[in-house]
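Student: Sequence below, structure please.
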Amino acid sequence: MLFTLVIIALLTSVSVVGMQNTIQASRLTQSYTSFSLAQQRAQSALFKAYNYLNNEDDFEVNDESKPVIAGLYPQLVTIEGKTLSAWRYVDRNDLWRDDRYVKTFRQAEQPSINQDYLNSYLSSYIIEEILKSEKEGAFHSYRITAKGYGLSDSTQIMLQAMVDLSASKRQLSWSIVH
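Tutor: Numbers count the residues shown, from 1 in each chain. Purely as a prediction, here's the structure:
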């Protein structure tokens, strides 16, 4: 009888340890899935911005912090005497979900009662027109910054791409910012 109780206690402790490992593995899997989803959404926004640049002839920006068309900026913006790149301005002021400042993509325009409004955002992007000198002539380079959201608000990926739309129309580089 005592032997049976010892065996049952041993099996119970092994089961508890196994369950802890399963829970931890489940959390890691969900975290990886959320990260992958955020990266896919950021890449999708990056390609949408690239297509926008390829299809639009007019890129209208102003020197103020608020763009004429949502998501289109000059490379540098000056706010309260500080000069920042536009993507840093948007990131520092957490404007990635504000339709007035960035181009956003959501799951649903009108979220249901059960759907969190902030979690309905999938991705957003901005396009910055890169400064050019008069010596360079017809130089049309842009920096696209895209942000994608995962399953939770804490999972965010930001991608950047440099694009040259002069005669060659090519992507010069891209990187993961954070």
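Student: Outside of stretch 3-10 itself, list whatever touches it.
Tutor: By CB atoms under 8 Å, 6 or more residues apart in numbering, no surrounding residue is in contact with stretch 3-10. (Each C-beta comes from the backbone N, C-alpha and C, glycine too.)
Student: what helix or strand does the residue nearest to the spatial centre of the chain sit in?
Tutor: Centroid check for the chain by CA atoms, centre = their mean gives K147 as the closest residue, at 1.3 Å. With the criterion set as DSSP states H and E, the secondary-structure element containing K147 is strand 141-149.
Student: in this protein, which helix has the most residues?
Tutor: Longest helix in the chain by number of residues (criterion: DSSP state H): helix 2-55.
Student: got the angle for that one vs strand 141-149?
Tutor: Relative orientation of helix 2-55 with respect to strand 141-149: 150 degrees, computed using axes from the mean of the first three to the mean of the last three CA atoms, to 10 degrees.
Student: which residues of this protein score low on pLDDT?
Tutor: 57-66, 107-120, 131-139, 167-172, 174, 178 (pLDDT under 70).
Student: swap the cut-off to 90 and go again
Tutor: With pLDDT under 90 as the threshold, the chain has low-confidence stretches at 1-35, 37, 47-143, 149-156, 161-178.
Student: Give me the neighbour count for L11.
Tutor: Neighbouring residues of L11 were enumerated by other CB atoms under 10 Å; the total is 10.
Student: what separates it from Q39, distance-wise?
Tutor: As for L11, its distance to Q39 is 42 Å (criterion: CB to CB, to the nearest Å).
Student: coming back round to it: show the subsequent helix or strand relative to the longest helix of the chain.
Tutor: Next helix or strand after helix 2-55 toward the C-terminus (DSSP H and E): strand 72-74.
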